[in-house]
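**Q** my questions concern the predicted model and sequence given below.
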Amino acid sequence: MRNFIVGVIVTLVVLIVGGLALAMLGYFPTTANAVPPRLEQHIAMSAMDASTDRHAPHTNNPVLPNDQNLIDGMKVYTMNCAGCHGGLDRKPVQFGKSFYPPAPQLILHPPDDPEWHTYYVVHNGVRYTGMPAWEKNLSDEDIWKVTGFLSHIEKLPQGAQDYWKNAVGVAPPTGGADEHEDHDKH
């Protein structure tokens, strides 16, 4: 039994040292203009979700999802997030696609995470992705407003829908499956 345990430990050490050697010798690609492999995407997203679930306080959004707060959140999003995550015109942005991994296009594919999860990600950023921590650039209230906006993109009240349509000339998404299929074809 002792030889088996020593064998397992030696194997793990060889794999770790070998992996580090390959990395330090430049054999792992580090370019940002490649598509991340599915396994890497799955591991990274699972790790981020698990870390957020472990560290984020499960608090309710203190900002009510009324027309004015959602419009304010829309404005915060447009000024600070749209350049990477897509604008209200519902067109994907190329800049966001240049990140590794590519920035999610949040207007086309709104997050389905709880608000506390989205708040935590916006507030603290995401390491190794280019997503900055907004805690020093936005007030907590503004982070909560953009969080509320992202959580309600497909179910905005009429006043916020009217503001969106008047601001960009395109109606907001409503969450219908046909809408996503039609828009993704363009």
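**A** Received, thanks.

**Q** what number of residues lie near the closest residue to Asn66 other than its chain neighbours?
**A** For Asn66, ignoring the flanking residues on the chain, the nearest one in space by CB to CB, 6 or more residues apart in numbering is Pro157 at 7.3 Å. All C-beta spots, glycine's among them, are computed from the backbone N, C-alpha and C. Burial of Pro157 is recorded as 13 neighbouring residues (other CB atoms under 10 Å).

**Q** contact partners for Pro157?
**A** 65-67, 70 (CB atoms under 8 Å, 6 or more residues apart in numbering).

**Q** over to Tyr120?
**A** Contact criterion CB under 8 Å, 6+ apart gives 52, 55-57 as the residues in contact with Tyr120.

**Q** and it, what helix or strand is that in?
**A** Counting by DSSP states H and E, the element that carries Tyr120 is helix 115-124.

**Q** what average pLDDT does that helix get?
**A** In this model, helix 115-124 carries a mean pLDDT of 98.

**Q** quick one: average confidence on the helix or strand following it?
**A** Once helix 115-124 ends, the next helix or strand along the chain (criterion: DSSP H and E) is helix 140-152. Summarised as a single mean, pLDDT over helix 140-152 is 98.

**Q** what does helix 140-152 contact?
**A** Outside helix 140-152, the residues that touch it by CB under 8 Å, 6+ apart are 61-63, 65, 69-70, 72-74, 76-77, 80-81, 106, 110-111, 115, 118-119, 122-123, 134-135, 138, 160.

**Q** list the buried residues in that helix.
**A** Of the residues in helix 140-152, those buried under the neighbour-count criterion (16 or more other CB atoms under 10 Å) are 142-152.

**Q** for Ala44, give me its contacts.
**A** With contact set as CB under 8 Å, 6+ apart, Ala44 has these partners: 36, 101, 128.

**Q** report the contact partners of the last one.
**A** Read it as Tyr128. Counting by CB under 8 Å, 6+ apart, Tyr128 makes contact with Ala44.

**Q** what about it, distance to Gly86?
**A** Applying CB to CB, to the nearest Å, the value for Tyr128 to Gly86 is 21 Å.

**Q** with the first one instead?
**A** The span separating Pro36 from Gly86 equals 19 Å under the rule CB to CB.

**Q** now Ile16
**A** 39 Å.

**Q** compare the two (neighbour count), which wins?
**A** The neighbour comparison of Ile16 against Gly86 (other CB under 10 Å) goes to Gly86, with 23 against 10.
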